[in-house]
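**Student:** My questions concern the predicted model and sequence given below.
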Amino acid sequence: MLREDIIIDIFSGWRSFLRKCLFRVIRVGPIPSHIAVIMDGNRRYAKKKKIDDMTGYDAGALALLHLIIYCMELGVKYVTAYAFSIDNFRRQPEEVQKIMDLTMESVMLLTWISKLRSVRVHFAGKLQLLSAEIQDAAKRLMESTAGYNNFVLTICICYTSSDEILHAVEKSCKEKWDDGIGIMGYDKGNDYERLIKVVDIEKHMYTAIAPDPDILIRTGGEYRLSNFLVWQSSCCHLSSLGTVWPEFGVFHLVWAVLDFQKNYRYFAKKKLQL
Ligand SMILES: CC(C)=CCC/C(C)=C/CC/C(C)=C/COP(=O)(O)OP(=O)(O)O
């Protein structure tokens with residue numbers, strides 16, 4: 001399903017030319033540095049098109065590849081996608097297997113794209129829940145692209161925010177403990193001095209490779225975060241789109257960015273206050 005000729009087609013041709021003209025106009029305003037996506041509605045798309053659910057996921061993976069390329073052209077440096085949550089292991093075995101197969105295919109395709117466009121690929125989540133084969137392939141891709149910084153793609157797999165925060169707290173405590181500092185704070189007059197700071201926790205997040213997202217897009221008409229980037233999205237523009245993920249296209253991206261630009265002053269001010 002995910003093939004190199006599809007990517008060449010997205011990068012070139014008259015559509016790519018028109019897109020670049022449109023992006024030139026949008027770039028007059030502020031461009032988000034980081035866009036995160038919850039790719040909801042793949043099975044609903046499959047039902048709508050009367051195809052099987054697994055083909056819906058294929059279409060979803062292709063929509064993600066389109067988004068990555070559009071973001072590169074627009075000048076967005078970071079994209080983070082919620083590919084599979086820890087809770088998704090409770091789904092039908094064939095569905096779990098399908099997403100794992102897509103992950104493996106994506107690793108192969110991303111190996112090719114990353115060399116072509118200097119893309120750094122990062123997998124974020126409890127990766128030990130993946131099969132040994134996928135863990136190895138993901139690790140190899142992360143290592144081989146670690147030196148690139150043109151564009152950073154984070155694929156959240158076996159991920160939930162609760163697990164990410166627990167992991168980061170554990171790591172921070174262990175680090176302080178190993179340094180002989182201890183983990184409990186102490187009273188300091190009227191104040192309380194914490195030994196574990198917010199920066200310590202943030203350093204150990206699975207997604208620490210990227211700054212907090214500027215826009216979080218959720219498709220499928222839902223208004224929930226579903227345990228995705230909960231810590232990181234306190235000051236981010238939320239965009240809930242009625243479209244199902246495989247139908248997400250360049251105009252949906254443009255809409256989300258224009259909406260972000262409309263509210264930019266507020267978010268810029270809030271970020272300065274943090
Ligand atoms: C790189 C990589 C591994 C790509 C993964 C491809 C992909 C589109 C994953 C989405 C996973 C997922 C569980 C989405 C929820 O949609 P749903 O189908 O549950 O939505 P619905 O049931 O509400 O329609």
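**Tutor:** Sure, I can see it.

**Student:** name the helices or strands packed onto the longest helix anywhere in the chain?
**Tutor:** Longest helix in the chain by number of residues, with DSSP state H as the criterion: helix 93-117. Applying 3 or more Cβ pairs under 8 Å, 6 or more residues apart in numbering; DSSP states H and E, we find helix 93-117 packed against helix 4-11, helix 53-74, strand 78-85, strand 119-124, helix 132-145, strand 151-159. Every C-beta, even on glycine, is put in place using the N, C-alpha and C of the backbone.

**Student:** Among these, single out whichever gets nearest to the ligand.
**Tutor:** Evaluated with Cβ to the nearest ligand atom, the helices and strands packed on helix 93-117 place helix 53-74 nearest to the ligand, the distance being 2.6 Å.

**Student:** elements contacting the closest one?
**Tutor:** helix 4-11, helix 13-26, strand 34-38, helix 42-49, strand 78-85, helix 93-117, strand 151-159, helix 250-262.

**Student:** Swap in 6 Å and give it another go.
**Tutor:** Packing partners of helix 53-74 (3 or more Cβ pairs under 6 Å, 6 or more residues apart in numbering; DSSP states H and E): helix 42-49, strand 78-85, helix 93-117.

**Student:** What mean pLDDT does the longest one get?
**Tutor:** Computed over helix 93-117, the mean pLDDT rounds to 94.

**Student:** quick one: contacts for the residue nearest to the spatial centre of the chain?
**Tutor:** Geometric centre of the chain, nearest residue: T80, 1.4 Å, by Cα atoms, centre = their mean. Contact analysis of T80 by Cβ atoms under 6 Å, 6 or more residues apart in numbering lists 36, 154.

**Student:** Can you give me the pLDDT of the residue located most distally from the centre of the chain?
**Tutor:** Here the chain reaches farthest from its C-alpha mean at G189, the gap being 42.7 Å by Cα atoms, centre = their mean. Note on G189: pLDDT of 72.
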